[in-house]
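Undergrad: Quick one, fold the following:
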Amino acid sequence: MNTVRIAHILPWSTVGGTELGTLRLAEAAASLGFENLLYCPVGSEALRSMLHSHGLVTCCYRQVEPSYRRPWAYLKAARRLANDLRRHHVRIVHCADILAAHYTALAGFLAGAYVVCHVRCEHSSISARDRTFLMPVKKFVFVSQDTWNKFGMKVDRSRGRILYDGFSGAGSDTAECPATAREHYGLPADAFVIGMASRVHPCKDFETLIEAGRILINRFPNCRILIAGDYKNVPAHREHHSYLQTLLRESALQDHFVFAGFEANMERFFAAIDVFALSTYGEGFPLAVIEAMYHAKPVVATSVGGIPEAVSPDETGYLIPPRSPQQFADALIRLREDPELYSKMSNASRRRMEDQFSAHHFHQSVKDLYCSIARSSHLLGEEPSCLPT
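TA: Numbers count the residues shown, from 1 in each chain. Next comes the predicted model:
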């Protein structure tokens, strides 16, 4: 019985949602009998170290911008990567995002592999030039129906599918108690804590969160807003954090907003909060929302992207129109004032997560994806080990 080897191509050197999503994908594939290689951009030592800590094998590739005017460097890089893919007997190339496909889809094609591209956020406008670099992609995997609906290329049912993320709850047995978690972040033990897990980037609507926080804190001064996400390691993150600090000082809210930075222990984060908030301009399908639901936290989020496919309005939380700080604050106030409503939504969040977005559902979707590719493409001339003979 032969084993199908998958190369997962990562587009960035930092650790964020795309990288963690690819990690979960590779771990699910490994549990189903597939072998995995994770290709990282040259110079991604921290990312590779994180992947190695999970027992995954990594390789490096050099990113060269596709060009028609000066194509030789790009073609040389594609041939070099294709040779490496062939040397490792890779049969499926799974590009972790559109950017990874632009860099490496041609290499996958030249290697004779089946090329898959994940679409994790909205790409509503794709130029005719950029579409040509996606031509080697045989299958697009969308994180939500919304990302598929808004995709800037026509993708029919035979070439696309939706793969919702899932959450296993691994590590929950060692979660800290709320008081200990709050002490770690410097939060009062009796505070009502709103948590948002997100990198500090202009694509997230922190301005609305700050204004909603001002309204909430004016009514309940003991409330705190905890932000878990990088604000130090990327120049754009540092710049936006500095801008947000100016807004907070102008509103005299700097003592009520806590920026924790990148948090490797999300169990601690969820132990510290009462309500999960996500104020954003766009979102493919945020795992953080699913994690919050696993931890029985009501969700208050902007009604954009794939978020409405996860949050059931007025049942597991509230969906708020974009740039609506008063409505955002009103939802938080209702949860703060009504313990019965809070308890009801907490329980409903956990049930919905288990019914729709559990690790079992995710693993079954991953199995359906890769096994259907292996079966239809007759990879290695035999059925892969995950399939019945």
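Undergrad: domain assignment for the chain?
TA: Split into domains by automatic domain parsing, the chain comes to 5-166+358-381, 172-356.
Undergrad: Format these as CSV; extra columns: mean neighbour count and mean pLDDT.
TA: Bear in mind the C-beta positions are built from the backbone N, C-alpha and C, glycine included. Converted to CSV, these look like this (neighbours: other Cβ atoms under 10 Å; pLDDT from 0 to 100):
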stretch, mean neighbour count, mean pLDDT
domain 5-166+358-381, 18, 94
domain 172-356, 19, 95
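Undergrad: in the chain, which spans are strands?
TA: 5-9, 35-41, 57-61, 92-95, 114-119, 139-142, 160-162, 192-197, 223-228, 257-261, 275-278, 299-302, 317-320 (DSSP state E).
Undergrad: Quick check: which of those strands is nearest to residue 76?
TA: strand 57-61 (12.4 Å; Cβ to Cβ).
Undergrad: hey, where'd the helices end up in the stretch 51-200 of the chain?
TA: Secondary structure of the stretch 51-200 of the chain (DSSP state H, counting those that start in this stretch): helices at 72-87, 98-110, 128-133, 145-149, 178-185.
Undergrad: Could you save those as TSV and add columns showing distance to residue 282?
TA: Shown next, in TSV, are those (distance: least, Cβ to Cβ, whole Å):
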stretch	distance to residue 282
helix 72-87	29
helix 98-110	14
helix 128-133	19
helix 145-149	9
helix 178-185	28
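Undergrad: Tell me which of these lies nearest to residue 8.
TA: Checking those against residue 8 by Cβ to Cβ gives helix 98-110 as the closest, at 8.8 Å.
Undergrad: Let me see the contact set for the closest residue to residue 215 other than its chain neighbours.
TA: Distance criterion Cβ to Cβ, 6 or more residues apart in numbering; nearest residue to residue 215, sequence neighbours excluded, is residue 329 at 3.7 Å. Residue 329 is in contact with 211, 212, 213, 215, 216, counting by Cβ atoms under 8 Å, 6 or more residues apart in numbering.
Undergrad: one more time with 7 Å, if that's ok
TA: Going by Cβ atoms under 7 Å, 6 or more residues apart in numbering, residue 329 touches 212, 215, 216.
Undergrad: Same list, the strands of the chain, but as TSV with distance to residue 344 please.
TA: Below are the strands of the chain laid out as TSV (distance: least, Cβ to Cβ, whole Å):
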stretch	distance to residue 344
strand 5-9	40
strand 35-41	41
strand 57-61	45
strand 92-95	40
strand 114-119	35
strand 139-142	32
strand 160-162	29
strand 192-197	17
strand 223-228	21
strand 257-261	28
strand 275-278	13
strand 299-302	14
strand 317-320	11
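Undergrad: Relative to residue 241, which of the ones you listed is closest?
TA: strand 257-261 (6.7 Å).
Undergrad: what's the offset of the closest one from the middle of its chain?
TA: 20 Å (Cα atoms, centre = their mean, to the nearest Å).
Undergrad: Tell me which other helices or strands that strand touches.
TA: Judged by 3 or more Cβ pairs under 7 Å, 6 or more residues apart in numbering; DSSP states H and E, the packing partners of strand 257-261 are strand 223-228.
Undergrad: about what we covered before: nearest to residue 375, out of the strands of the chain?
TA: Per Cβ to Cβ, nearest to residue 375 of these: strand 114-119, 11.4 Å.
Undergrad: Can you tell me the strand partners of the closest one and which way each runs?
TA: strand 92-95 (parallel), strand 139-142 (parallel) (DSSP bridges).
Undergrad: For residue 265, which of the ones you listed is the nearest?
TA: Using Cβ to Cβ, the nearest of these to residue 265 is strand 92-95, at 28.0 Å.
Undergrad: What lies in contact with that closest one?
TA: 4, 6-9, 85, 101, 104-105, 108, 113-118, 370, 373.
Undergrad: at 6 Å what do you get?
TA: Strand 92-95 is contacted by residues 6, 7, 8, 9, 101, 108, 113, 114, 115, 116, 117 when judged by Cβ atoms under 6 Å, 6 or more residues apart in numbering.
Undergrad: partner residues bridging the nearest residue to residue 317 once chain neighbours are set aside?
TA: Counting by Cβ to Cβ, 6+ apart, residue 317 lies nearest to residue 299, which is 3.4 Å off, once chain neighbours are set aside. For residue 299, the beta-bridge partners under DSSP bridges are residue 276, residue 317.
Undergrad: Surely residue 299 is in contact with residue 313?
TA: No. In this structure residue 299 lies outside contact range of residue 313 using Cβ atoms under 6 Å: 9.9 Å.
Undergrad: What distance do you get for residue 193 to residue 291?
TA: 16 Å (Cβ to Cβ, to the nearest Å).
Undergrad: right, I mislabeled it, should have said residue 75
TA: Residue 75 is 42 Å from residue 291, where distance means Cβ to Cβ.
Undergrad: so who does residue 176 touch?
TA: Contact analysis of residue 176 by Cβ under 6 Å, 6+ apart lists 268, 271.
Undergrad: change it to 8 Å
TA: Contact analysis of residue 176 by Cβ under 8 Å, 6+ apart lists 184, 267, 268, 271.
Undergrad: Without its sequence neighbours, what residue ends up closest to the first one?
TA: What sits nearest to residue 184 in space, not counting adjacent residues and going by Cβ to Cβ, 6+ apart, is residue 268, at 6.3 Å.
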